[in-house]
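Engineer: Okay, here's the prediction I keep looking at, along with the sequence it came from:
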Amino acid sequence: MSGPLSMRLIEKPWGCAVLPAPFVAPAGQRIGEIWFEPPPELPELLVKYIFTSEALSVQVHPSDAQTLANGIGEQGKEECWLIVDSEPGAKLGIGFRQNLDQEAMRRAALDGSIENLMEWHTVSAGDFFYIPANTVHAIGAGISLIEVQQNSDITYRLYDYGRPRELHLDEGMAIAKGEPYPQACKGKAPAGNSASLVSGPLFMLDQVAGAPDSGTRDRYKGRLLVIPREGPVHVAGMEIAPGGCALADSIADVDFASSGLSLIAAPCE
Ligand SMILES: O=P(O)(O)OC[C@H]1O[C@@H](O)[C@@H](O)[C@@H](O)[C@@H]1O
């Protein structure tokens, strides 16, 4: 049923003790992720805020087909990131500067030089990146972003900067592409304007300024997630403020403020 999703705060070694408003980290905790619990009516997508004070692991996720073939679930994990805020010079590592083979990648993951082989993108608010399955990636320090992802938690860590967490080198190497990141997967959410950020094949994501136009309404035919960015939205009469996320049974249930800015997301049929 339409309404706000509950939030879950996740501690991470690379998280932040102080979060930007309206979020608050409990005393003594470094919160790295805020998850909006996927509702049973729309289990395909997971929305997270991610806050980093250190780099995340260098990692890779499987596709739907690989996940099914390995008997570890029905969904792989494609994800996308909208940069909300970043410290000057903050970077995302996505793909490699040059093609490299599996053996070279394994050696580089083992000795940590993988970091230097990756392509690092300096980011600022509004930058947008779609991360296809099998793309090696690492989110750097000093970044706040919104992630919309397939609702899967399968992450294969290739390198973790010496932190004492489990690595998954064999599983990761079996699916990681030693290739540059396709530039077409990179975009920009234009400040204050509507834009389609992802249009399938797994899910759709749009930035909506004011109320969505008829073309956008036509594309969002079923249930959707609404993430207000500037100004509140009302979903079935309930106010959802920036920092929240809601399920709407239909786009007609959402009252978008005329001067607001929101994200909307839905799985593709
Ligand atoms: O394995 P760590 O470093 O904690 O990072 C895990 C996180 O990585 C990011 O790139 C995203 O895929 C998040 O959805 C994921 O939770």
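Structural biologist: Arrived safely, thanks for sending. This one's a predicted model, so the numbers in the text were calculated from it and none came from an experiment.

Engineer: Show me what whichever helix in the chain runs longest is packed against.
Structural biologist: Ranked by residue count, the top helix of the chain under DSSP state H comes out as helix 102-111. Contacts defined by 3 or more C-beta pairs under 8 Å, 6 or more residues apart in numbering; DSSP states H and E place helix 102-111 against helix 114-117, strand 156-159, helix 169-175. Every C-beta, even on glycine, is put in place using the N, C-alpha and C of the backbone.

Engineer: All the strands of the stretch 1-150 of the chain, in order from the start?
Structural biologist: Read by DSSP state E, counting those that start in this stretch, the stretch 1-150 of the chain holds these strands, from start to end of the chain: 3-4, 7-16, 31-36, 45-51, 58-60, 79-86, 91-96, 118-122, 127-131, 137-139, 143-150.

Engineer: Throw these into JSON lines and include mean pLDDT and distance to residue 105, thanks.
Structural biologist: What follows is the strands of the stretch 1-150 of the chain, written out as JSON lines (pLDDT from 0 to 100; distance: least, C-beta to C-beta, whole Å):
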{"stretch": "strand 3-4", "mean pLDDT": "96", "distance to residue 105": "42"}
{"stretch": "strand 7-16", "mean pLDDT": "98", "distance to residue 105": "22"}
{"stretch": "strand 31-36", "mean pLDDT": "98", "distance to residue 105": "26"}
{"stretch": "strand 45-51", "mean pLDDT": "98", "distance to residue 105": "25"}
{"stretch": "strand 58-60", "mean pLDDT": "98", "distance to residue 105": "10"}
{"stretch": "strand 79-86", "mean pLDDT": "98", "distance to residue 105": "21"}
{"stretch": "strand 91-96", "mean pLDDT": "98", "distance to residue 105": "8"}
{"stretch": "strand 118-122", "mean pLDDT": "98", "distance to residue 105": "10"}
{"stretch": "strand 127-131", "mean pLDDT": "98", "distance to residue 105": "17"}
{"stretch": "strand 137-139", "mean pLDDT": "98", "distance to residue 105": "13"}
{"stretch": "strand 143-150", "mean pLDDT": "98", "distance to residue 105": "23"}
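
Engineer: Run a quick neighbour tally on the residue nearest to residue 25 when sequence neighbours are not counted.
Structural biologist: Using C-beta to C-beta, 6 or more residues apart in numbering and skipping the chain neighbours, the partner closest in space to residue 25 is residue 31 (4.3 Å). The local packing count at residue 31 equals 21, with neighbours defined by other C-beta atoms under 10 Å.
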